[in-house]
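Enquirer: Turn this into a model:
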Amino acid sequence: MFLDISDDQDALLTTVSAVLARARSRLVLGGGKASFDLELDGDLEKGGVLDAASYPEFGVSTAALVVHEVCRSASIAEVAASAVIRPLICPEAPRPLAVLTGDPTQAIRFLPVARAVLVLSEAGASWFPVTADDVEMVEAYFAYPVGRLRDPDRCLSRALTVTDPGLARRLAQLAVAAEITGVLQGGLDSVTAHVTDRRQFGRPLGTFQSVQHRLAACASKIAAAKWLAFKAGGAGATHTDVVTALASAQTIVDAIVYDLHQFLGAMGLTLEHPLYRWTYRAKLLKSEFGGASRSHRELAELTWP
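Expert: The predicted structure is shown next:
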């Protein structure tokens, strides 16, 4: 597969960039926890970019690129499940869409703002509508809105079965991989801007070769994981491609987050700087589907059944 961007894909990504630019112009950073950007979320939906996976000229690979670009933003919106999974698995489900894997009592990303929940389990896949009365907020510093179901059994009793649970799981894995590459790229963009402006010993930090080498290594790892996700979303992509993309993205999180915080020092650990908006998301995403070790075991089982 040639990893080229078509004119149609480029036009769609230009639309995404325009939406993100408007969100960036109204975003106030520093001094508080990140919150869900309802206006950005609505703009993405109205712009039609979240339906790209359902169109032949775009497909899932384009949806993965949309997720990557949106997750680079400091603004928080629910894009991964809506762009990659929903168009092909449960297009009738209202969005924002939260995804539940495993224990139904666990905390779920985006649940406080979700209008539907996709459930992935060994028994299959299904989705159910959700209201504010179904949700209990969870205080967390993962930069996502997080919540729990008040009564999981009641919610699951109204679930509607998904016809292709295997595809649903693969798309969910791909969505997480694309989300990880996006938040890591956003964090790298932020740190690159910092070392360009920050001066030590009479010169910008970014002019030191050791800094350049480590940031270049981060950029290379992120780019490789991004294009693995793009490839995994292409026509003819296999389950092995999807798990490879997820394992790759989850594996690089710790090393890259470490480097990004190293170059920001203590400021990177505070709410005064926006870096946590990306790195805290990455820390949570790396544990999805059992984490990198589970993804590698799944990859081994697919390669050597």
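
Enquirer: Stretch 192-211: end-to-end distance?
Expert: Stretch 192-211 has an end-to-end distance of 10 Å (criterion: C-alpha to C-alpha, to the nearest Å).

Enquirer: Going forward, count from 51.
Expert: With 51 as the first residue, the last one maps to stretch 242-261.

Enquirer: Now that stretch: average pLDDT?
Expert: Averaged across stretch 242-261, the pLDDT comes to 70.

Enquirer: Show me the helices in the stretch 101-250 of the chain, by range?
Expert: Secondary structure of the stretch 101-250 of the chain, counting by DSSP state H, counting those that start in this stretch: helices at 109-121, 130, 136-139, 202-206, 215-247.

Enquirer: contact partners of the fourth one?
Expert: Going back to what we said before, that points to helix 202-206. Outside helix 202-206, the residues that touch it by C-beta atoms under 8 Å, 6 or more residues apart in numbering are 154-155, 167, 169, 176, 178, 180, 184, 199. (Glycine included, C-beta is placed from N, CA and C.)

Enquirer: rewinding a little: could I get the helices of the stretch 101-250 of the chain in a markdown table, plus columns for distance to L63 and mean neighbour count?
Expert: Output for those, formatted as a markdown table (distance: least, C-beta to C-beta, whole Å; neighbours: other C-beta atoms under 10 Å):
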| stretch | distance to L63 | mean neighbour count |
| --- | --- | --- |
| helix 109-121 | 6 | 27 |
| helix 130 | 16 | 31 |
| helix 136-139 | 17 | 22 |
| helix 202-206 | 36 | 14 |
| helix 215-247 | 13 | 24 |
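
Enquirer: With distance to L94 added, can I get the ones you listed in JSON lines?
Expert: Shown next, in JSON lines, are these (distance: least, C-beta to C-beta, whole Å):
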{"stretch": "helix 109-121", "distance to L94": "7"}
{"stretch": "helix 130", "distance to L94": "12"}
{"stretch": "helix 136-139", "distance to L94": "12"}
{"stretch": "helix 202-206", "distance to L94": "26"}
{"stretch": "helix 215-247", "distance to L94": "13"}
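
Enquirer: Of all these, which one is nearest A274?
Expert: helix 215-247 (9.2 Å; C-beta to C-beta).

Enquirer: tell me how far the closest one is from the chain's mean position?
Expert: Relative to the chain's own centre, helix 215-247 is displaced by 5 Å; criterion: C-alpha atoms, centre = their mean, to the nearest Å.

Enquirer: now do stretch 187-198
Expert: 15 Å.

Enquirer: Give me the buried positions along it.
Expert: 192-198 (16 or more other C-beta atoms under 10 Å).

Enquirer: how about the residues you listed in CSV, adding distance to R331?
Expert: Output for the buried residues of stretch 187-198, formatted as CSV (distance: C-beta to C-beta, whole Å):
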residue, distance to R331
F192, 6
A193, 5
Y194, 6
P195, 12
V196, 11
G197, 16
R198, 19
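
Enquirer: Which stretches in the stretch 251-355 of the chain count as strands?
Expert: 253-254 (DSSP state E, counting those that start in this stretch).

Enquirer: pLDDT weak spots in it?
Expert: 251-252, 254-259, 286 (pLDDT under 70).

Enquirer: In it, mark out all the helices, start to finish.
Expert: 259-282, 289-314, 326-335, 341-353.

Enquirer: since we're on the nearest residue to K83 once chain neighbours are set aside, how many residues are nearby?
Expert: Spatially, and ignoring its direct neighbours in sequence, K83 is nearest to L321 (6.4 Å; C-beta to C-beta, 6 or more residues apart in numbering). Here the number of neighbours of L321 (other C-beta atoms under 10 Å) works out to 15.
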